[in-house]
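Undergrad: attaching a predicted model along with its sequence, questions to come.
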Amino acid sequence: MKTSKVKMAVSRVQNQFKLTSEVYLEVKVGKEVTLPCHLSPDTSAVATTIRWFKRTECIYLYKNGQVTERSGYEGRVSLITQELKRGNVSLRLRYFRESDTGVYICQVIHGEQKEEAAVGLWIRGGKCSRTPVMFLNT
């Protein structure tokens, strides 16, 4: 009996997670990009609610195995579903457009826990390796 209580306590601890991501990415127009977001420690995300926002608009929702995509993103956004068991909730964005630049928020909800992480997505330009916007406050 004590053994099962210990196992339950361990599983509760394992349900606690954080999200890890990149600060920003650069991509060329027309290309595919993956906005990285992972549960840490590696925890299955299959039974979670996953939302990806661009600013305040939800562009992708995964809940109970069902997917909803915002208008303008249909067929261009997806999760790597076979990676959900390993905690990979990264968003794949195809056919990158100039209008896709901006800050994206990955939100994962499991039970009472809600975590968020941000990724900036910018156009990769000619000779400059970083987007000038990143230096405005320096």
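TA: Nice, I can see it.

Undergrad: which residues sit in contact with residue 59?
TA: 52, 53, 69, 70, 73, 77, 104 (Cβ atoms under 8 Å, 6 or more residues apart in numbering). (Each C-beta comes from the backbone N, C-alpha and C, glycine too.)

Undergrad: filter these down to the buried ones.
TA: Buried by 16 or more other Cβ atoms under 10 Å: 52, 53, 69, 73, 77, 104, out of those.

Undergrad: please name the nearest non-neighbouring residue to the fourth one.
TA: Of all residues beyond its chain neighbours, the one nearest residue 73 is residue 59 (4.8 Å), with distances taken as Cβ to Cβ, 6 or more residues apart in numbering.

Undergrad: can you give me the pLDDT of that neighbour?
TA: With respect to pLDDT, residue 59 scores 97.

Undergrad: now do it against residue 104, distance only.
TA: 8 Å (Cβ to Cβ, to the nearest Å).

Undergrad: residue 46 too?
TA: For residue 46, the distance to residue 104 equals 22 Å [Cβ to Cβ].

Undergrad: residue 73 now?
TA: Going from residue 73 to residue 104 by Cβ to Cβ gives 11 Å.

Undergrad: likewise residue 33?
TA: Here the criterion is Cβ to Cβ. By it, residue 33 lies 10 Å from residue 104.

Undergrad: for residue 91, what are phi and psi?
TA: Backbone torsions of residue 91, given as degrees, to the nearest 10, read phi -100, psi 130.

Undergrad: and the helices in this protein?
TA: Here the chain has its helices, by DSSP state H, at 2-14.

Undergrad: list the helices and strands the lengthiest strand in it packs on?
TA: The strand that spans the most residues within the chain, counting by DSSP state E, is strand 113-123. In this structure, strand 113-123 packs against strand 18-21, strand 24-27, strand 33-35, strand 102-110, with contacts taken as 3 or more Cβ pairs under 8 Å, 6 or more residues apart in numbering; DSSP states H and E.
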